[in-house]
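Enquirer: Provided below for reference: sequence and predicted model.
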Amino acid sequence: MAMEGRKIGLAMDFSKGSKAALKWAIDGLLRKGDTLFIIHVKHAQGLESRNLIWSTSGTPLVPLAEFCDPEVMHGYGVQPEPDVLELLELISKQLEVTVLWKIYWGDAREKVCEAIGSLELDAMIMGSRGLSAIRRVLLGSVTSYVLEHATCPVTVVKDRGNEC
């Protein structure tokens with residue numbers, strides 16, 4: 001599949017932060033001819049036997065039309081939220097952006113970086129969960145890890161709903 005335009009990745013876990021990142025990308029980054037790769041990482045313990053074939057490299061690229069099919073997504077163990085699907089269908093049609101999903105199983109930090117390299121992304125967009133410094137140290141931060149290890153520019157979008 002020959003792709004025109006830029007290859008932009010977006011980490012999507014359906015959190016407020018990742019939804020804010022999607023809205024930010026729609027409002028000011030994406031343009032006609034771009035390809036938006038939605039990167040979704042599931043915990044490895046949720047890996048069902050039918051998905052073992054993709055456990056190391058992730059699924060094949062899933063077109064938006066297939067991702068909108070509840071039966072297809074049930075097979076991958078993903079329950080996309082309707083508001084996210086609506087936004088993606090909107091940009092696909094109005095902005096003429098190609099939207100593809102890639103689902104990985106494992107550690108989100110490593111898998112997002114793997115996606116950046118294997119998909120040869122021009123940029124990566126991520127939402128911030130707004131963890132405090134102490135919680136980041138105790139829990140780790142996917143965003144911090146990706147910022148340090150990514151081979152392309154990374155933009156972190158804060159969910160403005162958490163501001164004082």
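Expert: Yep, it's here. Numbers count the residues shown, from 1 in each chain.

Enquirer: Show me what the host helix or strand of Leu147 is packed up against.
Expert: Take DSSP states H and E as the rule and Leu147 turns out to sit in helix 142-149. Counting contacts by 3 or more C-beta pairs under 8 Å, 6 or more residues apart in numbering; DSSP states H and E, helix 142-149 is packed against helix 108-118, strand 123-128, strand 154-158. C-betas here are computed from N, CA, C, even on glycine.

Enquirer: Please identify the most buried of those.
Expert: strand 123-128 (a mean of 23; mean count of other C-beta atoms under 10 Å).

Enquirer: Which strands border that strand, and is each parallel or antiparallel?
Expert: strand 7-11 (parallel), strand 154-158 (parallel) (DSSP bridges).

Enquirer: How about residues contacting the last one?
Expert: Taking C-beta atoms under 8 Å, 6 or more residues apart in numbering as the criterion, the residues outside strand 154-158 that touch it are 17, 20-21, 24, 29, 123-128, 130, 143, 146-147.

Enquirer: between those, which is nearest Lys111?
Expert: Val146 (10.0 Å; C-beta to C-beta).

Enquirer: wait, what's in contact with that closest one?
Expert: 11, 109, 112-113, 116, 124, 126, 154 are the contacts of Val146 under C-beta under 8 Å, 6+ apart.

Enquirer: need the residues you listed in TSV with pLDDT and distance to Glu86, can you?
Expert: Formatted as TSV, these follow (pLDDT from 0 to 100; distance: C-beta to C-beta, whole Å):
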residue	pLDDT	distance to Glu86
Ala11	96	19
Arg109	92	29
Val112	95	24
Cys113	96	29
Ile116	97	27
Met124	97	23
Met126	94	21
Val154	95	26
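
Enquirer: I'm done for today, thanks for sticking with me.
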